[in-house]
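Engineer: I would like to see how this sequence folds:
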Amino acid sequence: MIGFAAGCLLGWLAPAFAVKTEFLRDIFLNLIKSLIAPLVFSSVVAGIAGGGSAKTVGRIGLKALIYFEVATTLALGVGLVVVNVVEPGRGVLIQQAATGLATLPSAHPATLSETLVHAFPASVVASMANGDVLQTVVFAVIFGLAVVAAGERAQPVVTLCSAVANVMFKFTDIIMRFAPIGVGAAIAATVGRQGPGMLGHLAILVGTLYIALTIFIVLLLGLAGTLLKLPIRAFWKAVRAPFTLAFATASSEAAMPKAMEAMTEMGVPPRIVGFVIPTGYSFNLDGSTLYLAIASVFVAQAAESSGAAHFGLGQQIFLMLTLMITSKGVAAVPRASLVVLIATLHSFGLPAEGVAVILGVDALMDMARTSVNVLGNCMASLVVAKWEGEFTLRPQPTETWAGR
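Structural biologist: Okay, the predicted model is just below:
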C-alpha cells in the first residue's frame, strides 16, 4: 500500500519520469508469469495423484462449474441493475471518440466450440511458454489421471510434482519481496500517462463500476456466509494480499500464486485449490463479466443519447445471456474484455465507437474488475471445499504442498 501511494504521488508530481519507471512493473510481472505454468501443472498433478481419483476430480469439476455459473449470473444481474439505475451513458456523445478506434484490438472473442477446441493443447510446451492457463490445467488433469492409472510405478512423479509445487511457492515468496516496487511503478506509469484528472466526464462510469462491484462483493460474501456458514472474516483476511496485488497491478496472473497459497493456508485442500482457482481464471471471471454488463449498456445509453433507438430491458437481458456465454472465452484473447465487448456490441447493432470512449479510463476499471476476479476464484475454492466436506479453518498453516 505504501508503494501504491508513492506511485500515485510520483505519477502526479513527475509524470514524465513516472512513465519511465514502467520497466520495473514489467520485470515484476515477468517474474510472476514465469512461475505460473510450473506452479499450476505441479499443483494440479500432485493434487489429483496425491489424494484424488477420476471420480473425485469429476465431482469437484462439476461443483466448480455450478458455482461458476451462479456467481456469473449474480455478477451480470448486479451490473444490469446498477447501470440502469445510474445511467452513466446518458449525455455521452460517442461520435467524438471515433478516431480512437485505431487503438482497439481487431481479434474476435472465442465462440463456445472454439473455446472447447482451444482448451486441448497441441503442445503443452507451447501452452506453458504462452502462459495459457486453461490449456495447462487441461493437460495437467489428464496427466494426473494417467499418473493415478499407472499406480505405484508413477509414485516418483507424484513426489516430484509435490516438491516442485513447494519450491514454486518459495519462489513466489522471493518475488513478492519486489512487489512494493513493482506495484508502485505500475500505478505511477498509469497516473503519469493519464494524469490525476484522467477520469474527466467518465467519472460516473468508473464510479458505477466500483459501486456495482462493491454490491456484488457484499452479496457474494453475505450469501456465502449465510447459506453456507463460511467464515467470511477469516476469508477476507486471507485474500486481502492477493486482492490488493491484483488491484494495484491489474494482473490476475500476478495474484494467482499468492491466492493459491492463501487459500491453502486457510484450510482449503491443495488439490481443490490447485484445480478450482486455475480453472476459474478461464470460467469464473466475475469482475470482468460485471464490467461487460455495465460497459455494454453504457454504450447503448450513449448511442441513444446520440440519436439511436432505445435499447430496451428485454434486449438488455438477451445481451446478458449472450455475455454469459462469450465471456467464457475471455481468457484466451489479448485485451480480452474489450474484444468481447466489441464483438457483443456488433452482434446487437450497437456502435463499436462507444468502446473508444471507455479506453481513457479502462486502466482504472481493469484494476477493479481484476481484483474481483481473484476474490471470486478464491471464494470458489472455499465453496467447493465446503461442499466436499473437506474444509477445516486453520489459523496457522500446517500443511505443505510437499506433504501432499
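Engineer: Ser371 touches Gly287, doesn't it?
Structural biologist: Yes. In this structure, Ser371 is within contact of Gly287 by CB atoms under 8 Å, at 6.9 Å. C-betas here are computed from N, CA, C, even on glycine.
Engineer: Settle it for me: which of these two has more neighbours?
Structural biologist: Gly287 (28 against 25; other CB atoms under 10 Å).
Engineer: where does the stretch 151-300 of the chain dip in pLDDT?
Structural biologist: 194-202 (pLDDT under 70).
Engineer: for the record, mean pLDDT for the longest helix along the chain?
Structural biologist: Secondary structure of the chain per DSSP state H: the longest helix is helix 54-86. Mean pLDDT, computed over helix 54-86, is 86.
Engineer: mind starting the numbering at 566 from now?
Structural biologist: Done: numbering now begins at 566, and the last item shifts to helix 619-651.
Engineer: and that helix, which residues are buried?
Structural biologist: By 16 or more other CB atoms under 10 Å, the buried positions in helix 619-651 come out as 621-622, 625, 628-629, 632-633, 636-637, 639-645, 647-648, 651.
Engineer: Run through the residues that contact Ala803.
Structural biologist: 827-828, 830-831, 943 (CB atoms under 8 Å, 6 or more residues apart in numbering).
Engineer: which one of the residues you listed sits closest to Gly839?
Structural biologist: Met828 (10.0 Å; CB to CB).
Engineer: Give me the neighbour count for Leu947.
Structural biologist: Leu947: 29 neighbours (other CB under 10 Å).
Engineer: circling back to that earlier point, could you tell me which of the contacts of Ala803 are located in helices?
Structural biologist: Using DSSP H, the contacts of Ala803 in helices are 827-828, 830-831, 943.
Engineer: And the furthest pair within these?
Structural biologist: Glu830 and Cys943 (11.8 Å).
Engineer: what about those two, which has more around it?
Structural biologist: More crowded of Glu830 and Cys943, by other CB under 10 Å: Cys943, with 27 against 17.
Engineer: can I assume the more buried one is in contact with Thr829?
Structural biologist: No. Using CB under 8 Å, Cys943 is not in contact with Thr829, being 10.8 Å away.
Engineer: show me where the protein has strands.
Structural biologist: With DSSP state E, there are no strands along the chain.
Engineer: residue ranges of the helices in the stretch 616-765 of the chain, please?
Structural biologist: 619-651, 677-684, 689-695, 698-715, 720-741, 744-759 (DSSP state H, counting those that start in this stretch).
Engineer: between those, which gets nearest to Val783?
Structural biologist: Among these, helix 619-651 sits nearest to Val783 (CB to CB), with 9.7 Å.
Engineer: Next up, the contacts around the residue nearest to Pro822 when sequence neighbours are not counted.
Structural biologist: Sequence neighbours aside, Thr737 is the residue nearest to Pro822 in space, at 4.2 Å (criterion: CB to CB, 6 or more residues apart in numbering). Listed by CB under 8 Å, 6+ apart, the contact partners of Thr737 are 600, 604, 822-823, 826.
Engineer: 7 Å - rerun?
Structural biologist: 600, 822-823, 826 (CB atoms under 7 Å, 6 or more residues apart in numbering).
Engineer: cool, Ala750 as well?
Structural biologist: Ala750 neighbours (CB under 7 Å, 6+ apart): 572, 586-587, 589-590.
Engineer: let's see it at 10 Å
Structural biologist: Applying CB atoms under 10 Å, 6 or more residues apart in numbering, we find Ala750 in contact with 568, 571-572, 575-576, 583-593, 814.
Engineer: Show the buried residues in those.
Structural biologist: 568, 571-572, 575-576, 583-584, 586-587, 589-590, 593, 814.
Engineer: before we move on, back to that, so which of the ones in helices among the contacts of Ala803 would you say is closest to Gly696?
Structural biologist: For the ones in helices among the contacts of Ala803, the nearest to Gly696 is Cys943 (20.3 Å; CB to CB).
Engineer: Is it correct that the closest one is in contact with Lys802?
Structural biologist: No. Cys943 lies out of contact with Lys802 (CB atoms under 10 Å); the separation is 11.7 Å.
Engineer: hey, what's in contact with both of these two?
Structural biologist: If you check Cys943 and Lys802 against CB under 10 Å, 6+ apart, the residues they both contact are 827, 831.
Engineer: What are the neighbouring residues in contact with Pro686?
Structural biologist: 692-693, 695, 697, 699-701, 703-704.
Engineer: For it, report the pLDDT, please.
Structural biologist: 87.
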